[in-house]
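Pasting a predicted model and its sequence here:
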Amino acid sequence: MGSIHLVTQPQEEPPALHTRAMDNLQYIRETMERATAFTAISGWGLLAIGITGLMTSFIAAHKSFKSWLAIWLADALVALLIAGWSMDRKARATQTPLLSGPGRKVAFSLSPPLLAGAILSLVLYRSGSTNAIPGLWLLLYGTGVITGGMFSVSVVPIMGLGFMALGAATLFAPAAFADWFMAAGFGGLHIIFGVIIARRYGG
């Protein structure tokens with residue numbers, strides 16, 4: 001009588017312990033990244049942007065619309081450079097990835113209202129309704145700050161509400177007050193909330 005041989009299926013080796021640990025760490029890191037707020041917004045950067053906004057509002061006052069527009073667009077470029085430099089500096093100081101999950105969400109949420117503002121500004125300019133542009137800018141900038149601020153510290157959406165309120169008031173106020181509203185928004189609100197963010201959220 002022949003001998004009986006038991007045939008066993010070769011078992012797959014379980015994944016190495018360090019591989020599973022790395023997968024778990026990656027999952028935890030991604031989960032925390034999605035849950036945490038974007039804290040690299042620089043209060044001091046907002047303060048500097050506010051100062052340039054105040055200066056611009058006084059320089060641009062009582063100019064022709066083309067000169068007014070050129071001055072404000074130049075200030076927008078300066079503000080963008082200040083914001084980028086100051087956020088990068090704060091992100092490096094706090095060892096926070098600037099282009100992390102929350103950072104990308106802030107950028108993507110802020111961009112559509114600003115793009116809509118640029119397109120509507122062109123439409124208003126071509127139609128001759130230039131008096132509505134300052135209010136439109138304040139209103140849509142505030143909208144972008146609120147939507148982007150939902151992924152940042154809690155004080156940022158409050159600043160956005162302030163911009164929206166000023167924008168709505170500008171749209172219904174006499175055109176002669178537009179420069180004052182621009183100064184209060186792009187100057188005053190940036191300075192006030194910049195100081196708050198700098199003191200409460202590490203610079």
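Nice, I can see it.

isn't Phe181 right up against Ile133?
No - judged on Cβ atoms under 8 Å, Phe181 makes no contact with Ile133 at a distance of 11.8 Å. The C-beta positions use only the backbone N, C-alpha and C, and glycine is treated the same way.

now Leu139, nearest residue through space, not along the chain?
Take Leu139 and drop its neighbours on the chain: the residue closest to it by Cβ to Cβ, 6 or more residues apart in numbering is Gly167, 2.9 Å away.

Oh, that last question was meant for Gly162, not what I typed.
Among residues not flanking Gly162 along the chain, Leu189 sits closest, at 5.0 Å (Cβ to Cβ, 6+ apart).

and the closest residue to Leu54 other than its chain neighbours, how many neighbours?
Leaving out its chain neighbours, the residue that sits closest to Leu54 by Cβ to Cβ, 6+ apart is Gly187, at 3.4 Å. Neighbour count of Gly187, defined by other Cβ atoms under 10 Å: 20.

Can you name the residues that contact Gly187?
50-51, 53-54, 56-57 (Cβ atoms under 8 Å, 6 or more residues apart in numbering).

Report pLDDT for it.
Confidence at Gly187, expressed as pLDDT, is 94.

ditto for Met159
92.

Buried ones in the longest helix anywhere in the chain, by neighbour count?
For the chain, the helix reaching the highest residue count under DSSP state H is reported as helix 65-93. Neighbour-count burial for helix 65-93 flags 68-69, 71-72, 75-76, 78-79, 82-83, 86-87, 89-91 (criterion: 16 or more other Cβ atoms under 10 Å).

same question, stretch 105-125
The neighbour-count check on stretch 105-125 (16+ other Cβ under 10 Å) flags 105-106, 109-110, 113-114, 117, 120-121 as buried.

coming back round to it: surely the residue nearest to Gly162 meets Leu47?
No - under the criterion of Cβ under 8 Å, Leu189 is not in contact with Leu47, lying 11.2 Å apart.

shaky segments in the chain?
Counting by pLDDT under 70, the chain contains low-confidence residues at 1-40, 94, 96-103.

returning to what we had before: give me the ChimeraX select line for the contacts of Gly187, limited to the buried ones.
Only the buried entries of the contacts of Gly187 go into this ChimeraX selection, using 16+ other Cβ under 10 Å:
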select :50,53,54,56,57
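
Adding distance to Val145 as columns, could you present the contacts of Gly187 in a markdown table?
Formatted as a markdown table, those follow (distance: Cβ to Cβ, whole Å):
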| residue | distance to Val145 |
| --- | --- |
| Gly50 | 13 |
| Ile51 | 18 |
| Gly53 | 14 |
| Leu54 | 18 |
| Thr56 | 18 |
| Ser57 | 18 |
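
Thanks a lot, see you next time.
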